[in-house]
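Q: here's a sequence, model it:
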Amino acid sequence: MTGLPTKYLILNGSIVILAGLLSGLPFRRAIVRKRSENVNAWRVVHSVLMMDGMRMLVTALAIPHLAQDEGLVWGMTYSLIAAGYGFTVAFIVGAWKGLRGLTARPYGLNTLLFAAHVIGASGSLAGTVIMVYGSLRSLR
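A: Numbers count the residues shown, from 1 in each chain. Just a heads-up that it's a prediction; the model follows:
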């Protein structure tokens, strides 16, 4: 039961980390060109994606220690994977285009970034709630 979700989280967490590492290239370029508005955006991209990918890897390691059924493990896995890719799209495209996507307006690309943020935040919240539930059940 825990084998396949663990492998999914390791694979997708590694991909999110790779995206975070590659975002270091435009981060460096913004620093060298002394574009302060871009430096902060790319710093956020780099750090958030690295942390989110590491979180997926740590969760993969924790799965065997959680007391929950297979459906919840898969729910947690898919939630965290959706969160990882949602944040990847939201932060990279946002930094690239100079948008934040914190609200749906103005409509267009900003709305897409807002939707990606919502996917990232809701997936992260759902995955965390399931992990806390499994952790509490394992204490019995």
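Q: make it CA atoms for all contacts and neighbour counts henceforth
A: OK.
Q: so for the longest helix anywhere in the chain, mean pLDDT?
A: Across the chain, the longest stretch assigned as helix under DSSP state H is helix 109-138. In this model, helix 109-138 has a mean pLDDT of 94.
Q: which strands or helices does that helix pack on?
A: helix 70-97 (3 or more CA pairs under 8 Å, 6 or more residues apart in numbering; DSSP states H and E).
Q: so the helix it packs on versus helix 109-138, what angle?
A: Going by axes from the mean of the first three to the mean of the last three CA atoms, to 10 degrees, helix 70-97 is angled at 150 degrees with respect to helix 109-138.
Q: outside of the helix or strand bottoming out on mean pLDDT in the chain, which residues touch it?
A: Least confident helix or strand of the chain, by mean pLDDT, DSSP states H and E, is helix 24-32 with a mean of 90. By CA atoms under 8 Å, 6 or more residues apart in numbering, the residues outside helix 24-32 that reach it are 36, 38-39, 42-43, 46.
Q: helix, strand, or coil at residue 103?
A: At residue 103, secondary structure determined by DSSP: H, G, I helix; E, B strand; the rest coil is coil.
Q: how close does residue 70 get to residue 4?
A: As defined by CA to CA, to the nearest Å, residue 70 lies at a distance of 11 Å from residue 4.
Q: could you list the buried residues of stretch 123-137?
A: By 16 or more other CA atoms under 10 Å, the buried positions in stretch 123-137 come out as 123-128, 130-131, 134-135.
Q: how about stretch 12-23?
A: Using 16+ other CA under 10 Å as the test for burial, stretch 12-23 gives 12-17, 19-21, 23.
Q: for residue 51, give me its contacts.
A: Taking CA under 8 Å, 6+ apart, one finds residue 17 in contact with residue 51.
Q: sticking with it, tell me its helix or strand.
A: Using DSSP states H and E, the element containing residue 51 is helix 36-62.
Q: separation between the residue minimising distance to the centre of the chain and residue 10?
A: The centre of the chain sits closest to residue 84, judged by CA atoms, centre = their mean, with a distance of 2.6 Å. From residue 84 across to residue 10, the span is 12 Å (CA to CA).
Q: go on, residue 40?
A: Per CA to CA, residue 40 is found 28 Å from residue 10.
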